[in-house]
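Trainee: Attaching a predicted model along with its sequence, questions to come.
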Amino acid sequence: MTPPNAVAAYLDASVATASPAKLLVMLCERLVRDIRTAADAQTLGDQAAAHPHLLHAQEIVLELRASLRPDLWAGAQGLDSLYEYLYSQLVHANVHRDAAASRECLELATQLADTWRDAALQSLAAS
């Protein structure tokens, strides 16, 4: 078994050495994982287990919104609107213990992660 400090050091190194595109993909993948875990817990009626994952997912969406650069990309405003909707649905899912809203968020987050992963791969192929 790997000691917890070794795992933390590996994760820190992975983040520290990742390109901006890879960091974005990593954030989106974590968003999907958090929402999936929360939705599964809600489906089982365990809101206490879902709550911290929904909060973390909300934090990730806020970070994604903060990283948008509308001065560099004309599509940033539309993406910001999508992030805003996702955030509001995550809050709704948490406050109202709504597994269906969590599943909707999971679908959106999965599509976002797939899109950013494809864009990152295309960017690598072009370089």
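Mentor: Arrived safely.

Trainee: secondary structure element for the residue most central in space within the chain?
Mentor: When Cα atoms, centre = their mean is applied to the chain, the residue found nearest the centroid is residue 31 (2.3 Å). According to DSSP states H and E, residue 31 maps onto helix 20-43.

Trainee: Pull the residues that contact whatever helix or strand comes next after that helix.
Mentor: Next helix or strand after helix 20-43 toward the C-terminus (DSSP H and E): helix 47-67. Helix 47-67 has contacts (Cβ atoms under 8 Å, 6 or more residues apart in numbering) with 24, 27-28, 30-31, 34-35, 37-39, 41-42, 80, 83-84, 86-87, 90-91, 93-94, 97, 102, 105, 109. C-beta: built from backbone N, CA, C; applies to glycine.

Trainee: Can you list the buried residues in the helix or strand that helix 47-67 is followed by?
Mentor: Next in sequence after helix 47-67, counting helices and strands by DSSP H and E, comes helix 76-95. By neighbour count on 16 or more other Cβ atoms under 10 Å, the buried set for helix 76-95 is 76, 79, 83, 86-87, 89-94.

Trainee: Verify the contact between residue 93 and residue 101 for me.
Mentor: Yes: with contact defined as Cβ atoms under 8 Å, residue 93 reaches residue 101; the gap is 3.8 Å.

Trainee: give me the low-pLDDT residue ranges for the protein?
Mentor: 1-4, 6-18, 127 (pLDDT under 70).

Trainee: For the helix or strand encompassing residue 105, what is the distance to the chain centroid?
Mentor: Applying DSSP H and E as the criterion places residue 105 in helix 99-126. Relative to its chain's centre, helix 99-126 lies at 9 Å (Cα atoms, centre = their mean, to the nearest Å).
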